[in-house]
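Undergrad: Take a look and give me a structure for this.
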Amino acid sequence: MAEITSSRSIPTPTIGLWLLVHSGSRGIGARVFGHHARAAGSSSPLAGLDAREGAGAAYLVDHAVALAFARENREALLARVVAVVADVLRITPRATEAFDVHHNFVAEETWGERRLLVHRKGAIHAAEGTLALVPGSMGTASYVVRGLGNPAAFGSCSHGAGRVMSRREARARVRPEDLRRVMKRVVYPPNMDRSLVTEAPQAYRDVRRVLDDEADLVTPMVRLTPLAVVKGAS
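TA: Numbers count the residues shown, from 1 in each chain. Okay, the predicted model is just below:
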């Protein structure tokens, strides 16, 4: 959370803002795995690598590098957003809380006295007591949640609301005017209407129902209502 305070000397109220940054790998993750699968001579898309041997161990090293790059990328994006907010509002931001979650990765963890490689695809780590994010869509609420560490789910929960339309389907079914109607209270670049339909709120499940269904995995703590959306290239 970025706690925003005025840079002026006269007393002013504190403004609390949550800044959410979501960036995908732009295909880097798939390329990393594809490289190692080919190097290991795997032809099946479902083939696996033995982590105890050279090919699998090498993949895990590159996987860790990719995760580190992703985290640094998000940090850089967040720094730019904070700088813009500070400039536009003429304030001095002070971060009071920050956390970062991956949603497509492998982690080595201990479960039931066994050391396992847990693969979370479209899921995040929700260890007991830790904070995480469950996004809705760019036009609906997202939630800060506290993990319950449910062992039946390997301490995980959903990455977000999840899609009910693929990007291709949303592009065919959602018109720019439909997007403008549901995004009327959210600021976004109007010239991006056509490209943003792939992320329209209609393309996603109701995040409230998703959270109801995983009440044994996380506890909602803060409801975040979007005010503005900044989207990069698709």
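Undergrad: ok, now how distant is residue 32 from residue 227?
TA: 35 Å (CB to CB, to the nearest Å). C-betas here are computed from N, CA, C, even on glycine.
Undergrad: mind listing the strands for the protein?
TA: 2-6, 15-17, 91-95, 104-111, 114-121, 123-125, 131-134, 142-147, 156-158, 218-224 (DSSP state E).
Undergrad: Tell me which of those sits nearest to residue 167.
TA: Evaluated over the strands of the chain, closeness to residue 167 peaks at strand 104-111, with 16.5 Å, by CB to CB.
Undergrad: List the contacts of that closest one.
TA: If you take CB atoms under 8 Å, 6 or more residues apart in numbering as the criterion, strand 104-111 is touched by 25, 29, 60, 63, 67, 115-122, 125, 151, 154-155, 159.
Undergrad: Provide the strand pairings for that strand, with the direction of each partner.
TA: Strand pairing for strand 104-111, using DSSP bridges, gives strand 114-121 (antiparallel).
Undergrad: what about the partner strand, distance to the chain center?
TA: The chain centre lies 19 Å from the centre of strand 114-121; the measure is CA atoms, centre = their mean, to the nearest Å.
Undergrad: So for it, what gets flagged as buried?
TA: Applying a neighbour-count criterion of 16 or more other CB atoms under 10 Å, one finds 118, 120 buried in strand 114-121.
Undergrad: Test my guess that residue 144 contacts residue 224.
TA: Yes: with contact defined as CB atoms under 8 Å, residue 144 reaches residue 224; the gap is 6.8 Å.
Undergrad: what residues do these two have in common as contacts?
TA: Common neighbours of residue 144 and residue 224 (CB under 8 Å, 6+ apart) are residue 18.
Undergrad: which residues in the chain form helices?
TA: Per DSSP state H, the chain carries helices over the ranges 28-39, 54-89, 167-173, 176-182, 193-196, 207-213.
Undergrad: I'd like those as JSON lines, with mean pLDDT and distance to residue 48 appended.
TA: Converted to JSON lines, the helices of the chain look like this (pLDDT from 0 to 100; distance: least, CB to CB, whole Å):
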{"stretch": "helix 28-39", "mean pLDDT": "81", "distance to residue 48": "9"}
{"stretch": "helix 54-89", "mean pLDDT": "86", "distance to residue 48": "8"}
{"stretch": "helix 167-173", "mean pLDDT": "94", "distance to residue 48": "28"}
{"stretch": "helix 176-182", "mean pLDDT": "92", "distance to residue 48": "41"}
{"stretch": "helix 193-196", "mean pLDDT": "87", "distance to residue 48": "36"}
{"stretch": "helix 207-213", "mean pLDDT": "96", "distance to residue 48": "29"}
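Undergrad: Quick one, which of those gets closest to residue 137.
TA: Of all the helices of the chain, helix 207-213 sits nearest to residue 137, with 7.6 Å by CB to CB.
Undergrad: Report the separation between residue 179 and residue 172.
TA: Distance check for residue 179 against residue 172: by CB to CB, it reads 14 Å.
Undergrad: And the two? Which one has more around it.
TA: Taking other CB atoms under 10 Å, residue 179 and residue 172 do not tie; residue 179 has more neighbours (24 against 11).
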